[in-house]
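A.B. asks: make a model of this:
(2 chains)
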There are 2 protein chains.
Amino acid sequence: MGRFRTSSASELLVSLRRDADVPLHAQLEQELRQAIRVGRLPPGAVMPSTRALASQLGTSRGVVVEAYEQLVAEGYLTSRPGGTTRVAAVNAGPVPATTSLTDASAYRINFGYGRPDVTQFPRQTWLRSLRRVLNEAPSERLSYLDHRGAPELREALAAYLNRVRGTAANPERMVVCSGFAQGFALIARALKARGGTTIAMEDPGQTEARDTAAVFGLRTVPVPVDGSGILVEALARTRADAVLVTPAHQFPTGAVLSADRRAELVRWASEGDRLVIEDDYDAEYRYDREPIGSVQGLAPEHVIYAGTASKTLAPGLRLGWLLVPSHLVAGLAEIKEASDRGTSSFEQLAFADFLHRGEFDHHLRRMRPVYRVRRDFLLRALRRYVPELLPMGASAGLHVTAWLPPDVPEGELIERVAARGVGIYGLARYHAAPGPGTEGLVFGYGTVSEAEIDEGIQIVADELSGVREERRDPRTRAAAT
Amino acid sequence: MGRFRTSSASELLVSLRRDADVPLHAQLEQELRQAIRVGRLPPGAVMPSTRALASQLGTSRGVVVEAYEQLVAEGYLTSRPGGTTRVAAVNAGPVPATTSLTDASAYRINFGYGRPDVTQFPRQTWLRSLRRVLNEAPSERLSYLDHRGAPELREALAAYLNRVRGTAANPERMVVCSGFAQGFALIARALKARGGTTIAMEDPGQTEARDTAAVFGLRTVPVPVDGSGILVEALARTRADAVLVTPAHQFPTGAVLSADRRAELVRWASEGDRLVIEDDYDAEYRYDREPIGSVQGLAPEHVIYAGTASKTLAPGLRLGWLLVPSHLVAGLAEIKEASDRGTSSFEQLAFADFLHRGEFDHHLRRMRPVYRVRRDFLLRALRRYVPELLPMGASAGLHVTAWLPPDVPEGELIERVAARGVGIYGLARYHAAPGPGTEGLVFGYGTVSEAEIDEGIQIVADELSGVREERRDPRTRAAAT
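C.D. replies: Next comes the predicted model:
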């Protein structure tokens, strides 16, 4: 640890270490700053003269002079010409305790939706892509990029999406962003900038997008969804400038937008110079037949297609992409630039390499059967333990939903199940007007094992009966409380 | 390449490859999609029967049925029960040409400011940090994180900033973001959310921040800057709720905020429950004496401190951080989450490792003399070739500024120099009201070699004389045109 030397001048206690990397004057500065911050040296206190302090510390006077000068420049000390050096009024005060913001979701079993199994992230192949980028990428790629993103990634993504998602993608009309949440915020700003006022949302649908639209001064109107996706007739009766849809796998119901509705939707957009925003959040996972191609491919000048790597690779990557009608490319790229000066170029280039080498296809081929097995297991468990819950939207994605019978209140069931360490999530909150007929459950199966599924669904069944029993016999409830 | 088989039915020309990875029905789908998009199969055209097309292609009928069904589901074809299959009205049309958005700054010599020399990025040590992260990070770190960012990075940054920047940083009160531009957008939203209306800006100062404030519905007021930084007296006469300042190295003038002004600024904030936003964008580069500590250290409950790795490592990294008063932490973390669900966890963890192992200090120790030599070279060149330009703010950062004499118009000089392949940048645009007295030049020296500095400044000198000559003798100009 080295030799210490301490000295006290007035109430001053300072210790310096001779063998440290940090120069003596910098050590002294740190000690004094800290003493002033915590109030050990109170505002207005007279500091010892440089000569006196130096002699007490056994250092040269220059060390103390330098430290005092620095602290005067920083505002911790004040000094009048020829006069004494005093402690300035510093407002630091004690650091208040902060409430912890860490996620308290300490469920033993968690049917959280929208999260892939990150334990399966292909760490070694991703690292190989990163290594190639760091060894080979030209230096200018490490600086600010074209506002649309790295050309390598736009090329690789366009080829991939055209092949797998039936898009009409063109690298020139693509904007890379940091996931869907940001992508939608960019679109909302662009819509507002071109005079848009209203954006239609699927009901039920994503709640976060509604909040984002509001931040940028857009009104939102809900449009009902049925088993064939959004009701375009109802959409047409709104005065919306744009609509946010999830055609491949409606969130949260899981409906696939039917062929007729697709045609109507595209007609609605093109006839009124309106915009369809297609959130293709989990279309890569489809188990029983091949994925339905994107709506964007039908009308690339009227649809913004949004994709993300959060559901296929890892949320930690923060990579998303927008395919954009040509008249919106420059505007969206500029808004992206203004928002955060672009998405990490290292990750963009690594993902480009990963796509280019077929590693992404390989990863998806590996993961599809993993998730399918979990889905099948979940469906079996539901059938076995709670046959009255009828699963919807199970043919794709990473979640299954089911409406609740009218006599089982969603909130009560979720709470009881949570008390037993199992996280399940409600459907009501995805509705514009939660209430009767909107209650149900979302079961994500991206991160649960088969044993957890079995145990978790048994607990759901158990508590569902418990809710019913109490309702039939209120005394049970009173006794339990 | 494999065997090809082509077939034409009506105007239909389809080729399938037997040996490809892609199943035959999927190949057929792609071909038909493309044919419909480009109009080769026009809207309303009757498709051949599945039997006929199968026989022409030499495939089973099932392949064609599957392809037709898929394209009906996607909206490219329509089919009536028992009737014919037709091409739907698809709005794709030809893909319009897009104007290129790539940066056209093809200067031979570029005195662009605010960019570090990315050729010096420590690729191998960064890769080692990435490798450790990918080999060792627990899986949950690859999913969505605490909204403030990875705890490892907040710990490492707090220790670093307290040691090097004299902050009072606490990992609990830190929010990781994707660089300053985003950090400021988050702050603007938070300020608006707590009822703020007006934010004061240094004049001259960053123009982008003004635009960002406007996006979130905040007014901005300019406050003059002199050789000791922002005039706090003038600030106090505004009714601003917050002020954005660059105390360590005012942008663009390079002034250091004096001790008195620091004290006044902190008093202004604490007396009125106002907020100081301290943009510490390039304080790590200081050549002639040690850096002035942050204002945040004086009053951590009244100052948001913003830092970034863009100027020290590479803009491509997109890493920034905010030290936040305790009452704003939860709100800012929530806004960050809503904006983009967090900054890449891979990069956060890699930077944490990089800091923790002292690699960041090492990199800065290596770069400081590199930039100092360039700065000294630039100052010498200015003194030698254009002694009438008096450099300001040269003691820190990666740029030097100089006012122009009144008889030399900034725009004209910049244009003439640009025509000779040299990029220099003006000071007028950083002013709230560009006009007489606001014209000058910013010379960034982060990415220019010594030879380029010498040649570039000679050209500046040359064109400065040229401007003067033409003004004295308008005939020269007429003759030149």
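
A.B. asks: now the strands for the stretch 1-150 of chain A?
C.D. replies: Taking DSSP state E, counting those that start in this stretch as the test, the strands found in the stretch 1-150 of chain A are A:4-9, A:12-17, A:77-79, A:85-87, A:109-110.

A.B. asks: where in the stretch 1-150 of chain A is pLDDT low?
C.D. replies: Along the stretch 1-150 of chain A, segments meeting pLDDT under 70 span A:1-13, A:91-105.

A.B. asks: neighbours around residue A:135, how many?
C.D. replies: By the other C-beta atoms under 10 Å in any protein chain shown criterion, the neighbourhood of residue A:135 contains 10 residues. C-beta: built from backbone N, CA, C; applies to glycine.

A.B. asks: which helix in chain A has the most residues?
C.D. replies: For chain A, the helix reaching the highest residue count under DSSP state H is reported as helix A:359-385.

A.B. asks: which residues are contacting the helix or strand following that helix?
C.D. replies: Remark: after helix A:359-385, the chain's next helix or strand is strand A:399-403, criterion DSSP states H and E. By C-beta atoms under 8 Å, 6 or more residues apart in numbering or on different chains, the surrounding residues in contact with strand A:399-403 are A:113-114, A:252-254, A:375, A:378-379, A:382, A:389-394, A:427, A:439-446.

A.B. asks: buried ones among the residues you listed?
C.D. replies: A:113-114, A:252-254, A:375, A:378-379, A:382, A:389, A:391-394, A:427, A:439-446 (16 or more other C-beta atoms under 10 Å in any protein chain shown).

A.B. asks: quick one: the helices in the stretch 51-200 of chain A?
C.D. replies: In order along the chain, the stretch 51-200 of chain A carries the following helices (DSSP state H, counting those that start in this stretch): A:61-74, A:123-136, A:151-164, A:180-193.

A.B. asks: the first one and chain B in contact?
C.D. replies: Read that as helix A:61-74. Yes. Contact of helix A:61-74 with chain B is found when judged by C-beta under 8 Å from any C-beta of the partner chain, involving A:70, A:72-74.

A.B. asks: which outside residues touch that helix?
C.D. replies: Outside of helix A:61-74, the residues within contact range by C-beta under 8 Å, 6+ apart are A:24-26, A:28-29, A:32-33, A:47, A:50-51, A:53-54, A:57, A:77-79, A:85, B:166, B:256, B:258-259, B:262, B:290, B:292-294, B:297-298.

A.B. asks: returning to that earlier point: now the longest helix of chain A: buried residues?
C.D. replies: Buried residues in helix A:359-385, defined by neighbour count with 16+ other C-beta under 10 Å: A:359-361, A:363, A:367, A:371, A:374-375, A:377-379, A:381-382, A:385.

A.B. asks: again with stretch A:160-173
C.D. replies: For stretch A:160-173, using 16+ other C-beta under 10 Å, the buried residues are A:160-162, A:164-173.

A.B. asks: what of stretch A:426-434?
C.D. replies: A:426-428, A:430-432, A:434.

A.B. asks: out of the residues you listed, the closest to residue A:125 would be?
C.D. replies: Proximity of these to residue A:125, judged by C-beta to C-beta, is greatest for residue A:430, which lies at 35.5 Å.
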